[in-house]
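**Student:** Let me see the structure of the following:
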Amino acid sequence: MANAEDLTAKRCKPCEGGVPALDASAVREMLGALDAGWSLAADGKSISRLFEFNGYHRTMGFANAVAWIANEEGHHPDLEVTYGRCRVTWWTHAVGGLTENDFICAAKVDRLVS
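**Tutor:** Below you'll find the predicted structure:
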């Protein structure tokens, strides 16, 4: 079973498509390694988590830290930023679903707030 420490030790692998998305069993296993705040989309193709902060500046600091992780890993989430909140959604566009890269990045984002 995957755990968060194993995931944060990994680096994302370039993905240009041509590989299958993770199956439902693998997604459930990897989701279990993340903070319980992450949820799987109804279609099973993305994971997201809402982070809440006291103040806009803290929210923007978090969003910028997520952007830094994304650039370091070469894997970019969708970010929805509002006052005091930031929703982070990971999915691998090239495969139209989830890959290990999404869980690696989600685990690294979890470390920002733990």
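**Student:** rest of the way, CA atoms for contacts and neighbours
**Tutor:** Fine.
**Student:** same for the one helix or strand Ser25 maps to, what does it pack against?
**Tutor:** Applying DSSP states H and E as the criterion places Ser25 in helix 24-31. The helices and strands touching helix 24-31, judged by 3 or more C-alpha pairs under 8 Å, 6 or more residues apart in numbering; DSSP states H and E, number zero.
**Student:** Mind listing the strands the helix or strand just after it pairs with, and their directions?
**Tutor:** On the C-terminal side of helix 24-31, the nearest following helix or strand under DSSP H and E is strand 39-40. Here strand 39-40 has these sheet partners by DSSP bridges: strand 47-52 (antiparallel).
**Student:** what angle do the partner strand and helix 24-31 make?
**Tutor:** Using axes from the mean of the first three to the mean of the last three C-alpha atoms, to 10 degrees, the inter-axis angle of strand 47-52 relative to helix 24-31 is 30 degrees.
**Student:** mind listing what's buried in stretch 88-107?
**Tutor:** 88-93, 95, 97-107 (16 or more other C-alpha atoms under 10 Å).
**Student:** So which of the residues you listed belong to strands?
**Tutor:** 88-90 (DSSP state E).
**Student:** one step back: what mean pLDDT does the helix holding Ser25 have?
**Tutor:** For helix 24-31, mean pLDDT rounds to 96.
**Student:** In it, which residues are buried?
**Tutor:** Buried-residue list, helix 24-31, by 16+ other C-alpha under 10 Å: 26-27, 30-31.
**Student:** can you give me how far it is from the chain middle?
**Tutor:** Offset of helix 24-31 from its chain centre (C-alpha atoms, centre = their mean, to the nearest Å): 14 Å.
**Student:** again with stretch 7-22
**Tutor:** Per C-alpha atoms, centre = their mean, the centroid offset for stretch 7-22 relative to its chain is 12 Å.
**Student:** If you count neighbours, what's buried in that stretch?
**Tutor:** Going by 16+ other C-alpha under 10 Å, stretch 7-22 has these buried residues: 7-8, 12, 21-22.
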